[in-house]
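In: curious how this folds, go ahead:
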Amino acid sequence: MNDKPTHFGFETVAEGDKARRVAGVFSSVAANYDVMNDLMSLGLHRLWKHFTIQVAGVRQGDRVLDVAGGTGDLSLAFAKKVGHQGTVWLTDINQAMLARGRDRMIDHGHALPVARCDAERLPFPAAHFDCVTVAFGLRNMTHKQEALKEMTRVLKPGGRLLVLEFSRVWAPLAPAYDFYSFKVLPWLGGKVARDADSYRYLAESIRMHPPQNELKTMMEDAGLVRVDYFNLTGGVVALHRGYRV
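Out: Next comes the predicted model:
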């Protein structure tokens with residue numbers, strides 16, 4: 001086990017321990033993940049993801065990789081865009097989340113390829129995908145810079161990486177957002193998912209995630225160019241986009 005220190009929410013833990021505890025969080029919340037997404041975002045996550053699909057600009061026949069795709073919201077939407085001639089891979093490191101995503105795709109008539117894998121060591125060849133996305137997954141990765149480099153590696157020249165993630169909220173909204181995050185969200189998690197601790201970690205992990213400009217620089221350091229971002233809902237969420245040379 002790697003004993004280098006890292007963050008698990010506000011705690012400082014060993015890297016190996018973080019991977020185990022993050023896995024525990026998502027195994028715990030998998031069954032109620034979609035319901036809780038709707039409740040805790042008041043349905044806004046659907047609009048954020050719809051915007052991501054529009055900005056991605058995928059076309060018929062494209063190859064798309066959905067990293068940390070969970071229950072498959074983006075994968076399903078991309079499958080409709082790329083058609084039968086295209087390919088969408090749904091990947092996640094957590095087996096419980098991946099199983100729910102796979103079953104959901106089949107229920108909607110899309111037998112997509114799935115792979116359980118670590119975003120820091122993607123099992124795909126270089127320059128293979130037209131588009132790579134990661135939605136609400138990057139902040140949980142231990143080595144974010146390595147994951148960004150891997151996602152860049154598998155992009156074709158001219159391909160784009162889109163990172164949809166909680167970010168730094170507009171300052172006047174911060175007090176209300178903090179109250180919601182640290183009081184309401186754990187209470188909601190306890191009542192609906194019977195797991196207040198996992199949703200307390202969610203709130204903490206958002207505060208530890210790099211803000212908009214810092215993530216932009218990290219994407220540039222990973223080899224992406226023309227990196228820009230869109231603040232959504234007052235910066236509660238940001239969508240970053242960059243292109244491989």
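
In: now do the contacts for residue 126.
Out: Counting by C-beta atoms under 8 Å, 6 or more residues apart in numbering, residue 126 makes contact with 153-154. (Glycine included, C-beta is placed from N, CA and C.)

In: what about it, distance to residue 219?
Out: Between residue 126 and residue 219 the distance, using C-beta to C-beta, to the nearest Å, works out to 18 Å.

In: next one: residue 241
Out: Using C-beta to C-beta, one gets 9 Å for the distance from residue 241 to residue 219.

In: and these two? Which one has more around it.
Out: Neighbours per residue (other C-beta atoms under 10 Å) separate residue 241 from residue 219, with residue 219 holding more: 25 against 22.

In: what residues sit buried inside the one helix or strand the more buried one maps to?
Out: Using DSSP states H and E, residue 219 sits within helix 212-221. Going by neighbour count (16 or more other C-beta atoms under 10 Å), the buried part of helix 212-221 is 212, 215-216, 218-219.

In: packing partners of it?
Out: helix 144-153, strand 155-166, strand 224-232, strand 237-244 (3 or more C-beta pairs under 8 Å, 6 or more residues apart in numbering; DSSP states H and E).

In: who does the last one pair up with?
Out: Here the strand partners of strand 237-244, with direction, are listed using DSSP bridges: strand 155-166 (antiparallel), strand 224-232 (antiparallel).

In: got the angle for that strand vs helix 212-221?
Out: Between the axis of strand 237-244 and that of helix 212-221 there is an angle of 20 degrees, by axes from the mean of the first three to the mean of the last three C-alpha atoms, to 10 degrees.

In: which residues do residue 241 and residue 219 both contact?
Out: Contact with both residue 241 and residue 219 is made by residues 161, 163, 227, according to C-beta under 8 Å, 6+ apart.

In: by neighbour count, which of those wins?
Out: Neighbour count (other C-beta under 10 Å) singles out residue 163 as the most crowded of those, with 30 neighbours.

In: do I have it right that that residue meets residue 139?
Out: No. Contact between residue 163 and residue 139 fails when scored by C-beta atoms under 8 Å: they sit 9.9 Å apart.

In: just for this structure, where's the confidence low?
Out: Confidence mapping of the chain against pLDDT under 70 gives the ranges 1-2.

In: which residues in it form strands?
Out: Under the criterion DSSP state E, strands of the chain are mapped to 5-8, 11-14, 63-67, 87-92, 114-116, 129-135, 155-166, 224-232, 237-244.

In: how near is the closest residue in space to residue 160 that isn't next to it in sequence to residue 159?
Out: Nearest non-adjacent residue to residue 160, counting by C-beta to C-beta, 6 or more residues apart in numbering: residue 243, 5.1 Å away. Remark: distance between residue 243 and residue 159 (C-beta to C-beta) = 7 Å.

In: the two: which is more packed in?
Out: The residue with more neighbours, out of residue 243 and residue 159 and counting by other C-beta under 10 Å, is residue 159; that gives 23 against 18.

In: so who does the more buried one touch?
Out: The neighbours of residue 159, taking C-beta under 8 Å, 6+ apart as the test, are 127, 129-132, 243-244.

In: neighbour-wise, which of those residues leads?
Out: When neighbours are counted by other C-beta under 10 Å, residue 132 leads those with 29 neighbours.
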